[in-house]
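A.B. asks: what follows is a predicted structure for the sequence shown.
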Amino acid sequence: MVNSQGSEEPTEPQNTPTPVGPVPLKTTDPTSVGGFELLGRIGAGRQAVVYLGRNNRGESAAVKVLRAERRHDRRSLEAFEREVETLRLAPDSLSPRLYSAGWDGEHRYTSSEYLTGPSLEELIRADGPLNGADLRQFAVSISQLVVELHRLRIHHGDIKPRHVLTGPGGRLFLIDFGVAAIGDGSLRRRDLFSLASVILYAAGGRFPYEGTPLEISTRTMGGRPEVGVLPKPWRDTLRKCLEPNRRFCPSAAGVLRTVGRYGSWA
């Protein structure tokens, strides 16, 4: 499975399949950074490129390198530093383990645990939506991750199906902390919207607001998410998270309490 620790290119459509496995390096890519030989690209975004790396002991890592055109951009460097700070604070049980971070010559980089997946996006595309006990277990696990992040005052800010990854023992991890912030409560509401969205995606393979750009805009402004695919006991709580104009919505702990309840799923 592809390692989803990379981000999609900014021009990539949402429904474009993610390539399976790392893709070859480009001629402009470095061949080694931070003691890791770079074997291929895992993914790329506006700010950085993520590579599959291997050190001289044969150990693999996801090596994230700031793009050359961003090296002297103050905002990009500050964002990179915030991500490093967040990864150092986040427990290994929630996110890939950070191995090292710093400068290697002209390259600003991080190296972290390489998790092969699958991501939630890959899982649903391959096997279809979750249901019954599998859906409940997923919803509980992802809610627990967000509860713990918020307890540490970490707000991810970009939770999506391709950023929810299955690791060793079937445990879930959140990846790509590129826009995460510590103590920035403005991202809390976004995390709750995204948490409800990925649970909805797991249950039905779709997002709460779909259609043409105009339809999406109208539905979003009207706060009318389609949640019928969810078990009835979950709908009210998750709908509140998905209504963008709602002033107050449940906390991550409230979502966890809801999806963790036993009882009728009719």
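C.D. replies: Noted; the coordinates are in hand. Treat the numbers as computed from the prediction; the structure is a model and nothing was measured.

A.B. asks: what sits against the spatially most central residue of the chain?
C.D. replies: Nearest to the mean C-alpha position of the chain, by C-alpha atoms, centre = their mean, lies residue 163 at 2.4 Å. Going by C-beta atoms under 8 Å, 6 or more residues apart in numbering, residue 163 touches 4, 119, 156, 174, 175, 176. Heads up, the C-betas are built off the backbone N, CA and C, glycines and all.

A.B. asks: which one of the residues you listed is nearest residue 90?
C.D. replies: Taking C-beta to C-beta as the measure, residue 90 sits nearest to residue 174 out of the contacts of residue 163, at 8.3 Å.

A.B. asks: residues near residue 165, how many?
C.D. replies: For residue 165, the neighbour count with other C-beta atoms under 10 Å is 27.

A.B. asks: surely it touches residue 123?
C.D. replies: No. Between residue 165 and residue 123 there is no contact under C-beta atoms under 8 Å: 9.8 Å.

A.B. asks: what packs against the longest strand that the chain contains?
C.D. replies: With secondary structure taken from DSSP state E, the chain has its longest strand at strand 36-44. On a contact count with 3 or more C-beta pairs under 8 Å, 6 or more residues apart in numbering; DSSP states H and E, strand 36-44 meets strand 48-54, strand 60-66.

A.B. asks: what segments of the stretch 51-200 of the chain are strands?
C.D. replies: Secondary structure of the stretch 51-200 of the chain by DSSP state E, counting those that start in this stretch: the strands cover 60-66, 98-104, 107-112, 154-155, 164-166, 172-174, 181-182.

A.B. asks: tell me what the fifth one is packed against?
C.D. replies: Think strand 164-166. helix 120-127, strand 172-174.

A.B. asks: how about the helices and strands packed on strand 36-44 in TSV, adding distance to residue 241 and mean neighbour count?
C.D. replies: TSV is the format used below for the helices and strands packed on strand 36-44 (distance: least, C-beta to C-beta, whole Å; neighbours: other C-beta atoms under 10 Å):
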stretch	distance to residue 241	mean neighbour count
strand 48-54	29	24
strand 60-66	30	25
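
A.B. asks: need those in CSV (columns: mean pLDDT and distance to residue 130).
C.D. replies: Shown next, in CSV, are the helices and strands packed on strand 36-44 (pLDDT from 0 to 100; distance: least, C-beta to C-beta, whole Å):
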stretch, mean pLDDT, distance to residue 130
strand 48-54, 97, 27
strand 60-66, 97, 26
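
A.B. asks: save these as a markdown table, and put in distance to residue 170 too.
C.D. replies: Formatted as a markdown table, the helices and strands packed on strand 36-44 follow (distance: least, C-beta to C-beta, whole Å):
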| stretch | distance to residue 170 |
| --- | --- |
| strand 48-54 | 22 |
| strand 60-66 | 20 |
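
A.B. asks: quick one: which of the ones you listed is nearest residue 96?
C.D. replies: strand 60-66 (6.7 Å).

A.B. asks: just the angle between the closest one and strand 98-104, please?
C.D. replies: 40 degrees (axes from the mean of the first three to the mean of the last three C-alpha atoms, to 10 degrees).
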